[in-house]
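[1] Please find the sequence and the predicted model below.
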Amino acid sequence: MASTSDYHLQPANWSIEPAPLVGYLSRKALPIKRNDAQPLTREDVQFDLLCHIFNDRQKVFTPQAPSEDSKVHFCDLYVNALYMSHKCSKVLKDKMAETPAFAVELAKISLLTNVGRINTTMAFFPEMKTALRTYHPVPSLQKTDGNAQDAPRIKNCLKAALLPSELKNMPPSTPEEILQKSVSVEFSLLTLTACQPLASTHFDPPVNFLDLFLPINIASADRARAFLWLIFHYLEGPDQPNPYDDDYSRQNPGKVPWLHRLTEEEMAQENIDTPDEIEWGKAMSAQRNLFLQRLVHSIEKEKKVKAAVSAYKLTEPISGRSRPSRPQQEGIRDKPYIHYLPPDRAPQITHSGTLFLRISGYFVVTSTDPLADSDEELQDEHVRLDYSEQQLGINHGFNIDVTKADG
C-alpha cells in the first residue's frame, strides 16, 4: 500500500493490495474473530498498546467526575467514567473500588469494546450458555478474580456513561461538535471511531484512527501517543498546548505525532504471551469444553426422556380408556322426582269433608233447572218464581231428606 513516508505500512498477515482510502478494509474486518473457547492473545488485544495508554502518568485531562485533583491522567479519567455510568451495577462498582487492578483490566476491555475491536458476541466467563455469544479467555486482561462481564453489558455501560449535560441533549456526531461542547470520553471515542475524515485531517494516508488498535507495523508506544494526542485535542481543545506533541506534530499543526514503522523482527518483539498466560488460557479452554460437553449431555438426556414419554402416550391403548362416570349420591337420583308439598298444606280427605260435598251438590241440584238454558235471560220476576215453585214440587215428589244424605 502506498504511503507518503519512507516506511512501508502494512498490517500483519495482510496481502499486498491497492491502498484503500483507510488502513482497514471494512468495518467487518475490525472486530476480533475467534472460535468459541479460543483465547485472545496479547497480539489480538494489542496488550502493549493498552499498557502504554493506561500506564501514562501525565495528569493533563480535566476530570469528568468529582475529584480532588484539577487534572487526572487518562486511566483515572476512563475508569471514573465507567464507574459513574448509570448502567454500572453496585456489585461491579464495589469490585472496582475494592480491587483497582480489576478496574484497570475492565477499562482496557471496555476501551476495545468502545472502538469496536471487541464486538457484542463475545463473553468472558466459561459458564455462558447462550448460543448467541462465544466464550473467550483473555489471559493478559484477566489476572484478577473479578468477573470481566460480557461485551453487551460493557457496551450498555459505555452508552450510559454520560455527563449531566448529555442527558437532555443529543450526543455529538462529528468531531466539530465534540470541540464545541463538553462530552464524555466514551462518546468522544465513539464519534472519533465513526468519522472517516480523521484519516486525512490527523493522519498520513493510509492510516486511520481505528488502525491504532490493529496489529500493524507501527510501534505500540507511538500508537498510544497518537491516541492520547487525539483525546487531549478533542476533550481539552485544539488551542491548548498538547503535551503529547513531538517535533513532527509541531511542524505539521493538526497532525498526530510521528508513527514509527517496525520491521517484522521488531513486530515479533511486541505482544508476547507469557508461559503462565498460555497455560491459563489452555486450562480455561478445557474448562469451557468440559462445560459444553456436560451441557450437551444434559440436553440430549432431556430429549430422550421427552421422547420416551411421548412414545408411551402413543402406544397406550385407546379402547381401554373410558371416561370416568360421575359418582352418584345414594338415595337421591335412584328415585323419581316428586314435587315437594309442605306437611301443613297437604290435602286431607275426612268424613266431614265428604258430607260437605254431598250437601253442596244437593243444593246445586235443587236450585237449578236443567230444562232452562243458562244463556237465556229470564223475562221477569214472575217467570223466575214459577220456575222455583215448579222445582220445589219436583223435589218434594222425590222426598229427599238432606239429613240422611250421608247415610
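    Right, received. Where do you want to start? Numbers count the residues shown, from 1 in each chain.
[2] Now do the strands in the protein.
    Along the chain, the stretches classed as strands by DSSP state E are 122-123, 134-135.
[3] Give me the distance between Asp94 and Leu259.
    From Asp94 across to Leu259, the span is 40 Å (C-beta to C-beta, to the nearest Å). (Glycine included, C-beta is placed from N, CA and C.)
[4] Of the two, which one has the most company?
    More crowded of Asp94 and Leu259, by other C-beta atoms under 10 Å: Leu259, with 22 against 10.
[5] residues contacting that one?
    Contact partners of Leu259, counting by C-beta atoms under 8 Å, 6 or more residues apart in numbering, are 204, 207, 218-219, 222-223, 226.
[6] Please apply the same query to Val138.
    Going by C-beta under 8 Å, 6+ apart, Val138 touches 39-40, 45, 109, 124, 148.
[7] Pipe these into CSV and attach pLDDT per row.
    Shown next, in CSV, are the contacts of Val138 (pLDDT from 0 to 100):
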residue, pLDDT
Pro39, 94
Leu40, 95
Val45, 95
Ile109, 93
Phe124, 88
Ala148, 73
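[8] and of these, the nearest to Ala161?
    Minimum distance to Ala161 across these is 14.5 Å, recorded for Ile109 (C-beta to C-beta).
[9] ok, that closest one - contacts?
    If you count contacts by C-beta under 8 Å, 6+ apart, then Ile109 has 45, 118, 124, 138, 141, 148-149, 154 around it.
[10] Farthest pair within these?
    Val45 and Gln149 (15.4 Å).
[11] out of these two, which sits in the busier spot?
    Neighbour totals were compared for Val45 and Gln149, and Val45 leads with 24 against 21 (other C-beta under 10 Å).
[12] Leu112 is in contact with the more buried one, correct?
    Yes: Val45 lies in contact with Leu112 (C-beta atoms under 8 Å); the separation is 6.1 Å.
[13] circling back to that earlier point, just the strands of the chain: most buried one?
    Highest mean neighbour count among these (mean count of other C-beta atoms under 10 Å): strand 122-123, with a mean of 23.
[14] Which residues does that strand contact?
    Strand 122-123 is contacted by residues 32, 133-136, 150-151 when judged by C-beta under 8 Å, 6+ apart.
[15] Export those as a markdown table, with columns for pLDDT.
    Below are those laid out as a markdown table (pLDDT from 0 to 100):
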| residue | pLDDT |
| --- | --- |
| Ile32 | 92 |
| Arg133 | 87 |
| Thr134 | 90 |
| Tyr135 | 91 |
| His136 | 92 |
| Asp150 | 82 |
| Ala151 | 86 |
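[16] which one among these gets closest to Gly281?
    His136 (9.3 Å).
[17] and the nearest residue to Glu270 once chain neighbours are set aside, how many neighbours?
    Spatial nearest neighbour of Glu270, excluding adjacent residues (C-beta to C-beta, 6 or more residues apart in numbering): Asp48 at 5.0 Å. A total of 20 residues lie near Asp48 under the criterion other C-beta under 10 Å.
[18] and Asp48, what does it touch?
    Counting by C-beta under 8 Å, 6+ apart, Asp48 makes contact with 42, 220-221, 270-271.
[19] Pull out the buried members of those.
    The neighbour-count test (16 or more other C-beta atoms under 10 Å) marks 42, 220, 270-271 as buried among these.
[20] farthest-separated two in those?
    Arg42 and Ser220 (10.4 Å).
[21] Can you pull the residues that touch both of the two?
    Shared contacts of Arg42 and Ser220, defined by C-beta under 8 Å, 6+ apart, comprise 48, 271.
[22] Identify the single longest helix in the protein, thanks.
    Scanning the chain for the longest helix, with DSSP state H as the assignment, gives helix 275-315.
[23] Run through the neighbouring helices and strands of that one.
    Contact partners of helix 275-315 among helices and strands, from 3 or more C-beta pairs under 8 Å, 6 or more residues apart in numbering; DSSP states H and E: none.
[24] now that helix: mean pLDDT?
    Helix 275-315 carries an average pLDDT of 86.
[25] Next: stretch 152-170.
    For stretch 152-170, mean pLDDT is 76.
[26] Same question for stretch 94-105.
    pLDDT averaged over stretch 94-105 gives 93.
[27] so who does Val79 touch?
    For Val79, the contacting residues are 96, 103-104, 107, by C-beta under 8 Å, 6+ apart.
[28] Any chance of a markdown table for the residues you listed, columns distance to Ala286 and neighbour count?
    Formatted as a markdown table, those follow (distance: C-beta to C-beta, whole Å; neighbours: other C-beta atoms under 10 Å):
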| residue | distance to Ala286 | neighbour count |
| --- | --- | --- |
| Met96 | 30 | 20 |
| Ala103 | 29 | 24 |
| Val104 | 28 | 20 |
| Ala107 | 29 | 25 |
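[29] which one among those residues gets closest to Val60?
    Ala107 (17.8 Å).
[30] Would you mind measuring from the closest one to Ser298?
    37 Å.
[31] From Phe61, how far off is Ala151?
    To Phe61, Ala151 is 26 Å away according to C-beta to C-beta.
[32] and if you look at Pro137?
    From Pro137 to Phe61 the distance is 32 Å (C-beta to C-beta).
[33] Can you pick out the residue with more neighbours from those two?
    Pro137 (24 against 21).
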